[in-house]
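Engineer: Pasted the sequence and its predicted model underneath.
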Amino acid sequence: MSSDTAAQSSDAAEPVRTIEPAAQVPRQEPAPRRPEPLGLRPSDFDRPGRHEDQTGLLWTVVTAVAAVLFCAALVFGATRLFIADTAGTVTDTPERTVSAFLGALLGERDAEAAAAWLCTDKADRDLSEAVAAMSAADGDRGFEWTDVTETNRSVGAATVTAEIGIDGGASPATWEFSLVAEEGDPQWLICGITAG
């Protein structure tokens, strides 16, 4: 076989193809989509574990809300306990402390009751000697005190003056009391006395 024959045999073996124009198929529009209720897709209903996911989310939200409410209740309770109750029950004043001290010491002549009105630094003072000396000095007459007045106050400290004299005696003397605020009842306690 010659090369011409070989070329012919290969042309003869392959059929000639012609390309025909494709027939046009009409385009179909997709069906209009219906809105899905609550954002769910039909595939969501077929998915296993969908109910468990929503339950887990619900419990997470409920737990978070409960934790926030619990913390708010704690803050409210602590505020009522530490601020509101103590601010509403403070009835002690420096004048009341001095008046009660003078009543116990000069009026009742009770050294222990008077010592209860002294600050921690002075609470160990024995006032029984002072009471005995006053009893011997005044005889049948008693002591009187007037004009118990707060003259100065700063944070945790106050100064009170009182006019103290003997019944029917000479003019009264002015005593000055230095007080400090301490924890407990009474709040104001006497730490110093200056007789004038």
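Structural biologist: Nice, thanks for sending it over. Numbering: from 1, shown residues only.
Engineer: Find the least confident helix or strand in the chain, judged by mean pLDDT.
Structural biologist: Least confident helix or strand, the chain: helix 85-89 with a mean of 46, by mean pLDDT, DSSP states H and E.
Engineer: longest helix of this protein?
Structural biologist: Counting by DSSP state H, the longest helix found in the chain is helix 50-79.
Engineer: need the contact list for A170.
Structural biologist: Taking Cβ atoms under 8 Å, 6 or more residues apart in numbering as the definition of contact, A170 has no neighbours. In this view, the C-beta of every residue, glycine as well, is placed from N, C-alpha and C.
Engineer: how about it, secondary structure?
Structural biologist: Here A170 takes the coil state, with states given by DSSP: H, G, I helix; E, B strand; the rest coil.
Engineer: Give the buried residues for the helix or strand hosting A114.
Structural biologist: Secondary structure assignment for A114, by DSSP states H and E: helix 111-115. By 16 or more other Cβ atoms under 10 Å, the buried positions in helix 111-115 come out as A111, A114, A115.
Engineer: Go through those residues and name the one nearest V62.
Structural biologist: Proximity of these to V62 (Cβ to Cβ) peaks at A115, which lies at 59.6 Å.
Engineer: pLDDT value on that closest one, please?
Structural biologist: We have a pLDDT of 87 for A115.
Engineer: Double-check it against L127; I have them as touching.
Structural biologist: Yes - between A115 and L127 there is a contact under Cβ atoms under 8 Å: 5.6 Å.
Engineer: Residue ranges in this protein under the pLDDT threshold?
Structural biologist: Across the chain, the ranges flagged by pLDDT under 70 are 1-26, 31-53, 82-91, 137-140.
Engineer: all helices for it, in order.
Structural biologist: With DSSP H as the criterion, the chain has helices at 3-13, 42-46, 50-79, 85-89, 94-102, 111-115, 128-138.
Engineer: Report the contact partners of the nearest residue to R153 once chain neighbours are set aside.
Structural biologist: With sequence-adjacent residues excluded and distances taken as Cβ to Cβ, 6 or more residues apart in numbering, R153 is closest to P94, at 7.1 Å. P94 makes contacts with E150, R153, A158, T159, V160, F177, L179, W188, as judged by Cβ under 8 Å, 6+ apart.
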